[in-house]
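Peer 1: quick one: sequence and predicted model below, then my questions.
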Amino acid sequence: MLKRAMFRWGQLSSRVFAVEFDLRAEPLYFSLSSNPQVLHHAHQQLFGDEGKLFSLHVHCDNRTEKARTHAEIKHKLSVALSRDCDVFEASSFTPDVKNSVVKGFFIRDKSTTTLSEDMLKTLQQSKSVCVFSYKREGQYCWQELWSPVDQVQESVRQYITPAAAAQHHPSTLNIRNSDVFYCMKEAYEVLQECTDIIPESKEVLKLVDEQLETSRGDGFPVIVIEGLDATGKTTLTEALRESLNATLLKSPPQCLAPFRQRFDSEPPLIRRAFYALGNYITAAHIGKESLRAPVIVDRYWHSTAAYAIATAVGGRVENLPKPGSELYQWPEDLLKPNLVLLLTVSPEERLRRLRGRGQDKTVEEAELEMNQLFRLKVEETYKRIQNPACIIVDASPSPQEVLQQVQHLIRNEMSLVNNQLPMRQDKKPCNPSTHH
Ligand SMILES: Nc1ncnc2c1ncn2[C@@H]1O[C@H](COP(=O)(O)OP(=O)(O)O)[C@@H](O)[C@H]1O
Ligand SMILES: Nc1ccn([C@@H]2O[C@H](COP(=O)(O)OP(=O)(O)O)[C@@H](O)[C@H]2O)c(=O)n1
């Protein structure tokens, strides 16, 4: 088991490491070789500097258990290690091979204490954690299996070798079915796998089972409003409900509200599966309600995918999956809306609105506020999602002006579907299937 874990992480020369050394720059790429290699200038920063260096990763066949252990370690490292230690997210992967990523961390300990060793010793007691240390000699650096007691290791020296930048950022390789789900079955299975550790999963799955019927015939238009928090979605969707005499729905649906906090504290695999299932429940509600009236939806699959991708992809906007990637494709089995509008405001205006509202922010939203990079990635991902793509709406004018602008847009777009837009007094159904 341990040997397999070692090979997965780095004993194979075909594998490459990416260390998120500086989130605003390219990751640091290197591979391992049995021959000594002179350290590249860029790699000197990580390996050539003073301090002790370790890497660790979780190896475990059960994906939900692995995801939880990884998240637990991440939390422990961030809480317990002093400011003399740098912790970098790292991954080992085979370039451009999907699902080849093994996630881990690099720890650079510049302190004179044994804090990181003590911590690693505790972590290593778990069968599923594998730790390597890095040694320097002149201009060379090598990796070997770490042991707190200096016992003879089976591990051979693997020298650090500079590697070329990967064409696809490694964090994009494992997105499918780990961060974003493209059919209900895949998300459903994740929750099925964690019913023992998260009893709430059973209740969520039961709610999904009760809503399986998602198909809809000819109905009224379905319009989704998307955007970052505080861009004005609630304000606009309420106003549209009034003016179109529409039904207002949201994803995740109200019935999942009691479980949201629980799943928000879980690692991405489980958390994203929860939100993915929320969309299918909302889809079922849309199917029913759109037979009676136009439907406005506050957040739907664009949000689920955009937040998941932007969180999964470390660092810069350039690291996102390239435009046109299959990762931006709408799930085959999820009801499609007729129109998706993306509300955008400047970062300054958004902050002003957030402060004005004075509400508690979710951790993710607090991160958004601090993290301009993340905000840019969410917005860019929204814009790259295809079939249906979203139409961008400048939401900085007054609420009344935004409403008028959107009403105008809806009228124009919907007339492409059917000359009759069912407005307040005119509820003739249009045929959504002709739109796609
Ligand atoms: N067009 C607008 N101009 C100025 N303030 C707005 C506008 N739309 C919404 N707001 C205010 O901004 C804050 C966030 O709006 P809200 O509709 O709750 O956003 P969201 O639902 O996207 O989080 C609220 O205080 C709201 O009153
Ligand atoms: N359809 C949805 C809606 C929200 N989400 C998640 O929920 C978060 C946004 O929820 P929120 O409560 O801040 O949104 P608002 O209700 O404030 O607009 C994002 O971080 C997404 O991760 C999702 O994944 N899919």
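Peer 2: Yep, it's here. Given the structure is predicted, the values throughout are model-derived calculations rather than measurements. Residues are numbered from 1 along each chain as shown. Ligands and ions are numbered 1, 2, ... in the order given.

Peer 1: tell me the buried residues in stretch 222-233?
Peer 2: 222-233 (16 or more other C-beta atoms under 10 Å). Yep, even glycine has a C-beta here, placed from its N, CA and C like the rest.

Peer 1: the residues you listed also near ligand 2: which ones?
Peer 2: Filtering the buried residues of stretch 222-233 for proximity to ligand 2 by C-beta under 6 Å from any ligand atom leaves 229, 233.

Peer 1: state the pair within the buried residues of stretch 222-233 that is farthest apart.
Peer 2: Spatial extent of these (C-beta to C-beta) is set by the pair 222 and 230 at 24.1 Å.

Peer 1: flag every residue of the stretch 201-350 of the chain that's near ligand 1.
Peer 2: Counting by C-beta under 6 Å from any ligand atom, the stretch 201-350 of the chain sits next to ligand 1 at 227, 229-235.

Peer 1: chain center to the helix or strand harbouring residue 375: distance?
Peer 2: Element membership of residue 375 [criterion: DSSP states H and E] is helix 372-384. Relative to its chain's centre, helix 372-384 lies at 11 Å (C-alpha atoms, centre = their mean, to the nearest Å).

Peer 1: show me what it packs onto, helices and strands only.
Peer 2: Judged by 3 or more C-beta pairs under 8 Å, 6 or more residues apart in numbering; DSSP states H and E, helix 372-384 is in contact with helix 301-312, strand 339-344, helix 363-370.

Peer 1: please repeat the previous calculation with a cut-off of 7 Å.
Peer 2: Applying 3 or more C-beta pairs under 7 Å, 6 or more residues apart in numbering; DSSP states H and E, we find helix 372-384 packed against helix 301-312, helix 363-370.

Peer 1: re the thing from before, and of the residues of the stretch 201-350 of the chain next to ligand 1, the nearest to ligand 2?
Peer 2: residue 229 (4.3 Å; C-beta to the nearest ligand atom).

Peer 1: keeping just the C-alphas, turn the lengthiest helix in the chain into PDB.
Peer 2: Using DSSP state H to define each element, the chain has its longest helix at helix 268-289. Output in PDB follows, covering the C-alpha atoms of helix 268-289 (Å, rounded to 0.1, in the frame of the first residue of the first chain):
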ATOM      1  CA  PRO A 268     -15.400  19.900  -2.200                       C
ATOM      2  CA  LEU A 269     -16.300  16.400  -3.400                       C
ATOM      3  CA  ILE A 270     -19.200  16.100  -1.000                       C
ATOM      4  CA  ARG A 271     -20.100  19.800  -0.900                       C
ATOM      5  CA  ARG A 272     -20.400  20.100  -4.600                       C
ATOM      6  CA  ALA A 273     -22.300  16.900  -5.000                       C
ATOM      7  CA  PHE A 274     -24.900  18.400  -2.500                       C
ATOM      8  CA  TYR A 275     -25.300  21.500  -4.600                       C
ATOM      9  CA  ALA A 276     -25.400  19.500  -7.800                       C
ATOM     10  CA  LEU A 277     -28.400  17.500  -6.400                       C
ATOM     11  CA  GLY A 278     -30.000  20.800  -5.400                       C
ATOM     12  CA  ASN A 279     -30.200  21.700  -9.000                       C
ATOM     13  CA  TYR A 280     -32.100  18.500  -9.900                       C
ATOM     14  CA  ILE A 281     -34.600  19.200  -7.200                       C
ATOM     15  CA  THR A 282     -35.000  22.800  -8.400                       C
ATOM     16  CA  ALA A 283     -35.300  21.400 -12.000                       C
ATOM     17  CA  ALA A 284     -38.300  19.300 -10.900                       C
ATOM     18  CA  HIS A 285     -39.900  22.400  -9.300                       C
ATOM     19  CA  ILE A 286     -39.300  24.300 -12.500                       C
ATOM     20  CA  GLY A 287     -40.800  21.600 -14.600                       C
ATOM     21  CA  LYS A 288     -44.000  21.800 -12.600                       C
ATOM     22  CA  GLU A 289     -44.200  25.500 -12.100                       C
END
